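*Asks:* Predicted structure and sequence below. I'll ask about it afterward.
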Amino acid sequence: MENTENYNLLSHLEQKCSVLRFSSCLMSLNAMSMSLAVDACRTARFFELLLEQWQECLPLGDAYDVNFSLWGQKTWEMIKQVGEAYSLNRLCVNIYEYETESYVDFKESQQSAGIYEATLQPLLQTDVKDVPRILVCSLRDLSEVLMEISEYLNSPTEELITTSYEKWVAAYKRHYQRTCRNQYKKWKIQYSARTLRKHLQERMSADLETFKKRFLNEDEFEQVFDTEQQKMDFDGMARFLFTHADRFGVSFIDERPMFSQELQELFNFVETWRLMEADLHPTKKRTEKQDKTPEIDELELKVNSILQSIEQLADASWAQHLPLLWKHIFMAYRSEIAKAGPHEKFKEFSKKTLYCIIGELKIRGVYRQDVTNVELSKALEGSNNGMRKYINNGLLELEPSLKENLGTFIGKEIEQISA
């Protein structure tokens, strides 16, 4: 497997720093140092932006080959190489410099330059005496960013793993699920109702054996699959994914999601397994009990009035299904929506619960991903206020049992309606 872009950026920086000592004179060394300082500044900014993305959603393979803690230490070795290179030219450099005024000015002056902009103005404005300290400070800045990433990736919270997994699943459903389902339907249509059960059992057994080979041992496999119940353990799957990201290639979840072959195959197995389970154990149609409350009561009218303010923000694939989905959610959790919590300012009903559900539906792709939570908040409230945190965090803001029940219910409803 080829090295990731993240690894190459750091590796090229290391190689460039290692040849500083071969400069023919101090002028050549300063020229090389300025070039290296630009690279270090831009690389630090690149990783700062990556960290901001990863704090919203954990990566899967984006930097599987980068040991950020090790590279944080390597930058210190680079700083020492800078000191050695200047000492060969009879110039003593303080390798413990940090955030000098000259470095701050240099950093600000060059970071606005585009990648294809050829200006040398930031370099020409630099006092030659400041060159080595600017390079030392830029490498130290990079080191701190790398150590911050290392600390973050090595201590993910359960909540972050859960929300990140849901975002990856939502991206899969938007871009890859339909193909998987079509392939399954093509396989299924060749069998009659009489013979389908036998072939389902055979395929489930074969697919499970193939899936099992992805894991190093039985213990790993048990983390993601309950062999006694013959069911996926989605909590275990999420934990395994983000602690073994190097197993699943390089995938991205930005504006143009790109899943590696390994990750596609993993989610395809989960999706196909769900479809086969549903066909093997079809649920009997439930006779809906007449609710004691009117079909559309006063509370439902108020809730629908709020939901109408964001109906235009629904994903295109959900526009026609959204009223039915909300109808089912409201009927099942009417009592929870009806009662405002003791700390809620709005007392007519629980806007908190309602907005948490909206946040969950956005995570799952029901509402458009290109719409920010700020925009959602403004559409709902007329302004960007404190209620946005419930949209941001979704069901995580609710007490654990309600969070779990709602999450399971919404997942089943989405699966049934979108089938």
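*Replies:* Thanks, I have the structure now.

*Asks:* Please count neighbours and contacts with C-alpha atoms only from this point.
*Replies:* Fine.

*Asks:* Now the closest residue to Phe252 other than its chain neighbours: phi and psi?
*Replies:* With C-alpha to C-alpha, 6 or more residues apart in numbering as the criterion, Phe252 has its nearest non-adjacent residue at 5.1 Å, and that residue is Met258. As for Met258, its main-chain torsions (degrees, to the nearest 10) stand at phi -130, psi 110.

*Asks:* So what's the residue count around Met258?
*Replies:* 17 (other C-alpha atoms under 10 Å).

*Asks:* And it, how far from Ser251?
*Replies:* Noted for Met258: a distance of 6 Å to Ser251, by C-alpha to C-alpha, to the nearest Å.

*Asks:* swap in Cys17?
*Replies:* Applying C-alpha to C-alpha, one obtains 30 Å for the distance of Cys17 from Ser251.

*Asks:* Grab the nearest non-local neighbour of Ser87.
*Replies:* Val93 (7.5 Å).

*Asks:* Show the contacting residues for that neighbour.
*Replies:* Counting by C-alpha atoms under 8 Å, 6 or more residues apart in numbering, Val93 touches 83, 86-87, 132-133.

*Asks:* Any chance of a ChimeraX selection covering the buried ones in these?
*Replies:* The following ChimeraX line selects those of the contacts of Val93 that are buried, judged by 16 or more other C-alpha atoms under 10 Å:
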select :83,86,132,133
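
*Asks:* what kind of secondary structure is Val66 in?
*Replies:* Secondary structure, DSSP: H, G, I helix; E, B strand; the rest coil: Val66 is coil.

*Asks:* Now for it, how many residues are close by?
*Replies:* Neighbour count of Val66, defined by other C-alpha under 10 Å: 20.

*Asks:* is it true that it touches Leu9?
*Replies:* No. Under the criterion of C-alpha atoms under 8 Å, Val66 is not in contact with Leu9, lying 10.4 Å apart.

*Asks:* Next, find the distance separating the residue positioned nearest the centre of the chain from Ser23.
*Replies:* For the chain, the residue whose C-alpha lies nearest the mean C-alpha position (C-alpha atoms, centre = their mean) is Cys57; its distance is 2.5 Å. Cys57 sits at a distance of 43 Å from Ser23 (criterion: C-alpha to C-alpha).

*Asks:* now swap in Met204 and tell me
*Replies:* Relative to Ser23, Met204 is positioned 64 Å away (criterion: C-alpha to C-alpha).

*Asks:* next one: the helix or strand Glu14 falls within to chain centre, how far?
*Replies:* Glu14 belongs to helix 5-18 when elements are defined using DSSP states H and E. Centroid separation for helix 5-18 versus its chain: 26 Å, with C-alpha atoms, centre = their mean, to the nearest Å.

*Asks:* which helices and strands does it pack with?
*Replies:* In this structure, helix 5-18 packs against helix 26-56, helix 68-87, with contacts taken as 3 or more C-alpha pairs under 8 Å, 6 or more residues apart in numbering; DSSP states H and E.

*Asks:* Let's see it as CSV, backbone CA atoms only.
*Replies:* In CSV, the C-alpha atoms belonging to helix 5-18 read as follows (Å, rounded to 0.1, in the frame of the first residue of the first chain):
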residue,chain,number,x,y,z
GLU,A,5,-0.3,12.2,1.7
ASN,A,6,0.1,13.0,5.4
TYR,A,7,3.1,10.7,5.7
ASN,A,8,4.7,12.1,2.5
LEU,A,9,4.4,15.7,3.7
LEU,A,10,6.3,14.9,6.9
SER,A,11,8.8,12.6,5.2
HIS,A,12,9.7,15.2,2.6
LEU,A,13,10.1,17.8,5.3
GLU,A,14,12.5,15.5,7.1
GLN,A,15,14.5,14.8,4.0
LYS,A,16,14.8,18.5,3.2
CYS,A,17,16.0,19.3,6.7
SER,A,18,18.6,16.5,6.5
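
*Asks:* Give me the residues contacting that helix.
*Replies:* With contact meaning C-alpha under 8 Å, 6+ apart, helix 5-18 is reached by 36, 39-40, 43, 62-63, 65-66, 71, 75, 78, 81-82.

*Asks:* so that helix versus helix 26-56, what angle?
*Replies:* Here helix 5-18 runs at an angle of 160 degrees relative to helix 26-56 (axes from the mean of the first three to the mean of the last three C-alpha atoms, to 10 degrees).

*Asks:* Show me which residues of helix 5-18 are buried.
*Replies:* By neighbour count, and taking 16+ other C-alpha under 10 Å as the criterion, the buried residues in helix 5-18 are 6-7, 10, 13-14, 16-17.

*Asks:* Among those, which one lies nearest to Ser305?
*Replies:* Comparing the buried residues of helix 5-18 against Ser305 with C-alpha to C-alpha picks out Asn6 as the nearest, at 47.4 Å.

*Asks:* which regions of the protein sit below the pLDDT cut-off?
*Replies:* Filtered on pLDDT under 70, the chain yields the residue ranges 1, 116, 255, 283-296, 419.

*Asks:* Which parts of it are strands?
*Replies:* Applying DSSP state E to the chain gives strands spanning 225-226, 231-232.
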